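Chemist: Just to be clear, the model below is a prediction. Sequence and coordinates:
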Amino acid sequence: MTFIWAAITLGFLGSFHCVGMCGPIALALPLNHNSITSKIAGALLYNFGRMFTYALFGSLFGLLGQSVVIAGYQQALSITLGVIILIMVLLPSSAYGRFKITAFIYSYIGKLKQKLGVLFQKRSYSSLFFIGTLNGLLPCGLVYLGITGAIATGSSLEGALFMAMFGLGTLPAMFVLGMLGNSISINFRNKINKAIPVFVVAMALLLILRGMNLGIPYISPEMSASKPECSKCCHK
């Protein structure tokens, strides 16, 4: 349950970052402004599309985490992910420029924008949903952080739930933006953006504590590293 609230909080704080990154898409949504009901339905479908993509990511990466759990390395995985997140927060932004993958990223984003452009022309409920699903595929550091949480769940189902709750946390700000336009001040967004690293560090520490097996309910529960035994073998 702790991780569910962590996912929702991460999504809520991150949503103000999303307003800056994905705001142009939300503002340009082909909503039906002649009917408030249709406008609300369209905005919700767009956001449900994003949540669907996030949940799919969570399921896939939760499955990856599940294979690690089966192998008996859940504690090591949790600590490793926590340390990686801390390094990502503390590493200067200039250091990321050393990774020469910008050409691939620009090509990937260009193809997504082409597909989004086609969907924007259709002006239907289904196109709004698929705009959301493609929006969820755009590169985003906060989504990647959510994915690390999904891996740490060690379950495909719980990973999907974690990322769905992350998406739910982003819903209020993104929905309001789609409905009312750019009504959130830049000053307020900047204050929220400054708070995000603090919460990210807290989540990283939670992952590390979870892997330390301290026996603290919800925060660092005991994880059995023993492998299941064959009951038939025991009765030989």
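Modeler: It's in. Numbering: from 1, shown residues only.
Chemist: Flag the helix or strand of the protein with the lowest per-element mean pLDDT.
Modeler: helix 231-234 (a mean of 45; mean pLDDT, DSSP states H and E).
Chemist: tally of neighbours for V200?
Modeler: Residues near V200, counting by other C-beta atoms under 10 Å, number 20. C-beta here means a position set from N, CA and C on the backbone, and glycine is covered the same way.
Chemist: Give me the nearest residue to it, chain neighbours excluded.
Modeler: V89 (5.5 Å; C-beta to C-beta, 6 or more residues apart in numbering).
Chemist: where does L29 fall, helix, sheet strand or coil?
Modeler: coil (DSSP: H, G, I helix; E, B strand; the rest coil).
Chemist: Look at it and report its pLDDT.
Modeler: Predicted confidence (pLDDT) at L29: the value is 85.
Chemist: and it, how many neighbours?
Modeler: So L29, with other C-beta under 10 Å, has 21 neighbours.
Chemist: how far away is it from A55?
Modeler: Distance, L29 to A55, by C-beta to C-beta, to the nearest Å: 21 Å.
Chemist: Also L145?
Modeler: Going from L145 to A55 by C-beta to C-beta gives 16 Å.
Chemist: name the helices or strands packed onto the host helix or strand of N47?
Modeler: For N47, the element it lies in under DSSP states H and E is helix 36-70. Helices and strands in packing contact with helix 36-70 are listed as helix 74-90, helix 125-135, helix 141-153, helix 156-180; criterion 3 or more C-beta pairs under 8 Å, 6 or more residues apart in numbering; DSSP states H and E.
Chemist: Fine, thanks again, bye for now.
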